[in-house]
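Q: Pasting a predicted model and its sequence here:
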Amino acid sequence: MPETTRLLDPPPGGLLVLPVPGIGEVRPGDDLAGRILACAELRSADVLVVTQKVVSKAEGRLVPIDPEDPAARRRLAEAEAVRVLRRRGDLVITETRHGFVCANSGVDLSNVPAGTAALLPEDPDRSARRLRDQIRARTGLSVGVIISDTFGRTWRRGVTDVAIGCAGVAAVVDLRGQPDATGRTLVATEVCLADELAGAAELVMGKAAGVAAAIVRGVSPEWLRSSSVRAEVVRPPAEDLFR
């Protein structure tokens, strides 16, 4: 069997992460599912990770912004926020209407036409469900879909991709009540699977390579279910020790 054929299957107990190049520049109203399917060899039970940027572009979440006005991004971020938590210079840490706490309400000026800014999708979970449904309708394949975006982490330097929307793959895997390797019962372990898959996918997509999607193959079938980032990942205020 040729080496390239063997590499299309993950090793036992492992995962295979494949970039999906060739999607090209996405514009408002484009058929994003069709563009992805033209470039990706999907299988049932794959998890497709798609960057927020191309989802926002396809959904027309682009707005004009004055590139000569240094305060324009801050005003836009504040308009997209339900709450401003901190300010430092031009940076604002906000809570968005989705419940995300992030820099500048997720407003992004990179990889968009000059004079425009990309906003987060109105409902990233719905965006993921729509992509999943379109793929299933056209191919008969049942896949998980994650919409990813780049976030910082409190008290940690650097950024990583996290899930802002998902469908068909667990957002959180609850291990509470299960035994650990020594037989002791886990009492607090909830694994944010969607974030872990988004971070793994980002490693093959990169920040400047123009690769807007990746396939994660080999995810446990027990993790493929109805899901929602907003319902499972976003911590309710009552559970937040810092609000």
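A: On my side now, so go ahead. Numbers count the residues shown, from 1 in each chain.

Q: Would you map the helices across the chain?
A: 3-6, 32-39, 52-58, 72-79, 124-139, 193-205, 229-232 (DSSP state H).

Q: need the least confident one among those helices, by mean pLDDT.
A: Between the helices of the chain, the one with the least mean pLDDT is helix 3-6; it has a mean of 45.

Q: give the contact list for R184.
A: R184 makes contact with no residue, according to Cβ atoms under 8 Å, 6 or more residues apart in numbering. Heads up, the C-betas are built off the backbone N, CA and C, glycines and all.

Q: So for this protein, which residue is the most central one in space?
A: Closest to where the C-alpha atoms of the chain average out (Cα atoms, centre = their mean) is S148, at 1.4 Å.

Q: Quick one: residues contacting E95.
A: E95 makes contacts with 81-83, 85, 101, as judged by Cβ under 8 Å, 6+ apart.

Q: Let's have those residues in TSV, adding neighbour count and distance to L91.
A: TSV is the format used below for the contacts of E95 (neighbours: other Cβ atoms under 10 Å; distance: Cβ to Cβ, whole Å):
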residue	neighbour count	distance to L91
A81	22	13
V82	11	18
R83	12	15
L85	13	11
V101	20	13
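
Q: from those residues, which is closest to G199?
A: V101 (17.9 Å; Cβ to Cβ).

Q: Distance check, G29 against R35.
A: G29 sits 12 Å away from R35, going by Cβ to Cβ, to the nearest Å.

Q: ok, these two, which is more surrounded?
A: The residue with more neighbours, out of G29 and R35, is R35; 20 against 10, by other Cβ atoms under 10 Å.

Q: shouldn't that one be in contact with G24?
A: Yes: R35 lies in contact with G24 (Cβ atoms under 8 Å); the separation is 6.9 Å.

Q: mind listing what the residue lying closest to S110 once chain neighbours are set aside touches?
A: Of all residues not flanking S110 in the chain, K53 sits nearest, at 8.0 Å (Cβ to Cβ, 6 or more residues apart in numbering). K53 makes contact with 108, 110-112, 118, 212, according to Cβ under 8 Å, 6+ apart.

Q: same deal with V145?
A: Contacts of V145 by Cβ under 8 Å, 6+ apart are 47-50, 128-129, 131-132, 135, 166-169.

Q: Select from those the one having the most neighbours.
A: Ranking the contacts of V145 using other Cβ under 10 Å puts C166 first, with 33 neighbours.

Q: if I look at it, how far off is V216?
A: 12 Å.

Q: Equivalent analysis for D161, please.
A: Using Cβ to Cβ, D161 is found at 12 Å from V216.

Q: Spit out the residues that contact those two alike.
A: A201.

Q: Quick one: find the helix or strand in the protein with the lowest mean pLDDT.
A: Counting by mean pLDDT, DSSP states H and E, the chain has its least confident helix or strand at helix 3-6, which shows a mean of 45.

Q: quick one: the strands in this structure?
A: 16-19, 47-51, 62-64, 81-88, 91-96, 101-103, 116-118, 144-153, 156-167, 173-174, 190-191, 213-217 (DSSP state E).

Q: and the fourth one, what does it pack onto?
A: Using 3 or more Cβ pairs under 8 Å, 6 or more residues apart in numbering; DSSP states H and E as the contact criterion, the secondary-structure elements in contact with strand 81-88 are strand 91-96.

Q: The strand it packs on: which residues count as buried?
A: Applying a neighbour-count criterion of 16 or more other Cβ atoms under 10 Å, the buried positions in strand 91-96 are 92-96.
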